[in-house]
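Engineer: Take a look and give me a structure for this.
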Amino acid sequence: MRHVLMTERLILRPVTVADHAELSAHWTGADVRRFLFDGAVLSPAEIAEVIEDSVRDFASGGHGLWLVRAGNGEPGLIGTAGLRPLEELGLEIFYSLEPTAWGKGYATEAAGAVVAYALGPLGLPEVLAEVDESNAASVAVIERLGMTPFEVVPGLLGPMTRYRKTP
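Structural biologist: Alright, predicted model coming up:
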């Protein structure tokens with residue numbers, strides 16, 4: 001499969017329509033969706049649309065949503081990572097992890113692989129991020145990736161800081 005990314009501990013594989021149930025189970029978890037979707041529960045149709053958009057975006061632009069799994073073959077989903085439009089500004093990195101995977105460095109590893117792919121082989125001039133200021137764990141991940149803040153905007157859960165990274 002094209003667009004598979006590998007890190008020291010992880011395999012990132014583009015999502016397919018066959019992954020709908022697993023993605024739905026992951027994204028409907030309260031702790032997972034708290035910041036990713038501002039607490040909203042995506043409907044099955046909305047999740048199907050995200051998958052369809054990702055399949056289309058990989059085919060046309062080489063980016064979309066990856067499922068993150070352990071590279072050692074352990075079963076189960078660790079989380080997701082991807083690139084999606086941030087308004088008209090460009091593509092932003094986003095990610096989610098199963099609560100059992102928190103605190104192990106997986107978010108930084110997976111997001112770092114996607115950012116490196118975006119700024120390297122994909123040839124993007126920059127990668128953006130938009131993070132709720134109250135999401136300390138994600139702020140720490142973004143800072144470990146070397147992204148720098150450039151703007152604060154209002155969000156449903158409070159202020160959100162926008163970051164960027166260039167090659």
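Engineer: any chance you could map the strands in the protein?
Structural biologist: Taking DSSP state E, the strands of the chain run over residues 5-6, 10-14, 65-70, 79-86, 90-97, 127-132, 148-153, 160-165.
Engineer: closest one to Ser138 among those strands?
Structural biologist: For the strands of the chain, proximity to Ser138 was assessed by Cβ to Cβ; strand 127-132 is nearest, at 4.8 Å. Every residue, glycine included, has its C-beta placed from N, CA and C.
Engineer: Please name whichever of the strands of the chain is nearest to Asp38.
Structural biologist: strand 127-132 (8.2 Å).
Engineer: Now do the closest one, average pLDDT.
Structural biologist: If you average the pLDDT over strand 127-132, you get 96.
Engineer: Give me the residues contacting the helix-or-strand element of the chain with minimal mean pLDDT.
Structural biologist: Every helix and strand in the chain was compared by mean pLDDT, DSSP states H and E; the lowest is helix 30-36, with a mean of 83. For helix 30-36, contacts defined as Cβ atoms under 8 Å, 6 or more residues apart in numbering pick out 26-27, 39-42, 79, 94, 96-99, 131-132, 135, 138, 157.
Engineer: Just give the number of residues close to the closest residue to Phe58 other than its chain neighbours.
Structural biologist: Closest residue to Phe58 apart from its sequence neighbours, by Cβ to Cβ, 6 or more residues apart in numbering: Gly64 at 4.5 Å. Applying other Cβ atoms under 10 Å, we find 21 residues neighbouring Gly64.
Engineer: Okay then, goodbye and thanks.
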